[in-house]
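A.B. asks: One predicted model, sequence on top.
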Amino acid sequence: MKRILITGALGQIGSELTVELRKRYGTDKVVASDLRPDSPTGIGDGPFEQLDCRDGKALLGLVRKYRIDTIYHLAALLSAVAEKNPQKAWDINLNGLYTVLEVAREEGCAVFTPSSIGSFGPTTVKNFTPQDSPQRPNSMYGVTKVAGELLCDYYHHRFGLDTRGVRYPGLISNQTPPGGGTTDYAVDIYYSAVKEGRYTCFLKGDTYLDMMYMPDALKAAIDIMEANPERLRHRNAFNVTAMSFCPEDQAAYIRKYIPDFEISYVVDPVRQALANSWPNSLEDYAARVEWGWEPVFDLEMMTRDMLQTLEKRKKEGIL
Ligand code: VAH
């Protein structure tokens with residue numbers, strides 16, 4: 001039975017993955033950790049530890065205290081925040097990962113680390129970006145993601161560490177707000193539509209990016225770690241996707257439920273430049289062939305689920 005430690009457990013992915021993993025493996029088998037102290041509305045019952053993933057001694061102590069055999073390493077700065085403080089992003093995103101891999105090597109833990117479509121750059125094929133494509137990102141976030149992919153591959157080939165990962169697209173969830181990414185608009189738009197009936201978008205209306213609803217993202221993170229390792233040719237950084245859309249597409253689907261919804265644009269040059277440097281869409285055949293990846297939610301299903309959930313919260317006065 002797995003005994004799991006999650007870093008970055010209070011983040012957009014971590015807060016929902018903690019709950020899902022606890023449902024699957026048992027509450028006391030999943031230790032949540034984050035740089036921030038746990039919040040009352042955080043992740044429910046179960047063990048929580050405040051942890052800076054760059055502190056190897058503290059991390060080793062937790063791995064031994066809870067006899068951890070699997071680490072979901074999610075602690076990282078996202079793209080837009082990383083561009084505001086690239087030195088800090090390098091420190092957290094890479095020194096944090098290096099520390100996790102070193103402890104995992106010493107203690108024999110498997111490690112899941114997400115990469116991102118942000119690991120590609122402006123010279124990569126834009127549409128249906130192949131699994132094995134050139135990666136020359138021009139953002140610190142992208143540099144840390146490419147370096148992270150290579151570091152995880154190295155620890156597998158050099159030390160036999162069981163490292164696995166996926167390249168996530170933009171993620172949309174209705175539980176925890178996003179934390180400073182370029183794709184945050186795709187979450188904020190639903191909240192604004194329900195609260196105000198309109199949204200001012202920071203990306204141009206025809207900016208296509210790959211996206212995924214959080215339930216599919218959680219499925220990917222769990223399924224890859226359950227996959228037969230013999231079949232994993234790519235192992236780290238599998239392309240995974242569910243849909244590719246632009247703000248105008250999303251607005252059109254929202255109007256099916258909120259007919260008067262209005263979208264306007266005030267473009268943020270930093271996040272527009274990041275989005276322009278990323279693919280419009282990925283191909284994810286390697287993940288489908290090597291470990292059976294298959295998304296469920298498309299834009300129609302996600303929009304319906306997001307709006308129904310947020311409308312319910314609004315009625316309950318908690319939005
Ligand atoms: C970001 N949501 O915007 C993240 C993601 C594909 C982008 O990595 O930084």
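C.D. replies: Sure, I can see it.
A.B. asks: tell me which parts of the protein are close to the ligand?
C.D. replies: Residues of the chain lying near the ligand by C-beta under 6 Å from any ligand atom: 78-79, 116-118, 141, 168-171, 181-183. C-betas here are computed from N, CA, C, even on glycine.
A.B. asks: What sits closest to the residue in the stretch 151-300 of the chain that the ligand sits nearest to if chain neighbours are left out?
C.D. replies: Here the residue of the stretch 151-300 of the chain nearest the ligand is Gly181; by C-beta to the nearest ligand atom that distance is 2.3 Å. Using C-beta to C-beta, 6 or more residues apart in numbering and skipping the chain neighbours, the partner closest in space to Gly181 is Leu78 (3.8 Å).
A.B. asks: what about the one you found, distance to Leu282?
C.D. replies: For Leu78, the distance to Leu282 equals 18 Å [C-beta to C-beta, to the nearest Å].
A.B. asks: who's more crowded, the two?
C.D. replies: Neighbour comparison, Leu78 and Leu282: the larger count goes to Leu282, with 26 against 21 (by other C-beta atoms under 10 Å).
A.B. asks: All the strands of this protein, in order from the start?
C.D. replies: Secondary structure of the chain, counting by DSSP state E: strands at 4-7, 30-34, 48-50, 70-73, 110-112, 115-116, 163-164, 166-168, 170-172, 198-201, 209-213, 238-239, 243-245, 262-265.
A.B. asks: So which of those strands is nearest Ile318?
C.D. replies: Ile318 lies closest to strand 170-172 among those, at 19.3 Å (C-beta to C-beta).
A.B. asks: which helices and strands sit right next to that closest one?
C.D. replies: Under the contact criterion of 3 or more C-beta pairs under 8 Å, 6 or more residues apart in numbering; DSSP states H and E, strand 170-172 touches helix 185-196, strand 209-213, helix 214-226.
A.B. asks: residues touching the closest residue to Ala227 other than its chain neighbours, list them.
C.D. replies: Residue nearest to Ala227 in three dimensions, not counting chain neighbours: Trp291, with 3.6 Å by C-beta to C-beta, 6+ apart. Contact partners of Trp291, counting by C-beta atoms under 8 Å, 6 or more residues apart in numbering, are Asp223, Ile224, Ala227, Asn228, Arg231, Leu232, Phe238.
A.B. asks: Lys57 versus Trp291, what's the distance?
C.D. replies: Trp291 sits 34 Å away from Lys57, going by C-beta to C-beta.
A.B. asks: where does the protein have low pLDDT?
C.D. replies: For the chain, applying pLDDT under 70 flags the ranges 39-42.
A.B. asks: can you rerun that using 90?
C.D. replies: Per-residue confidence for the chain (pLDDT under 90) gives these ranges: 1, 37-45, 175-180, 236, 319.
A.B. asks: Show me it divided up by domain.
C.D. replies: Annotated domains of the chain cover 4-169+213-239, 174-211+242-280+297-315 [automatic domain parsing].
A.B. asks: need these in TSV with distance to Ala287, can you?
C.D. replies: What follows is these, written out as TSV (distance: least, C-beta to C-beta, whole Å):
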stretch	distance to Ala287
domain 4-169+213-239	4
domain 174-211+242-280+297-315	11
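A.B. asks: Which residues does the lengthiest helix in the chain contact?
C.D. replies: Ranked by number of residues, the top helix in the chain under DSSP state H is helix 140-159. With contacts defined as C-beta under 8 Å, 6+ apart, helix 140-159 is touched by 76-79, 82-83, 86, 89-90, 93-94, 97-98, 101, 104-105, 111, 113, 115-116, 118-121, 135, 137, 161-165, 167, 235-237, 274, 277.
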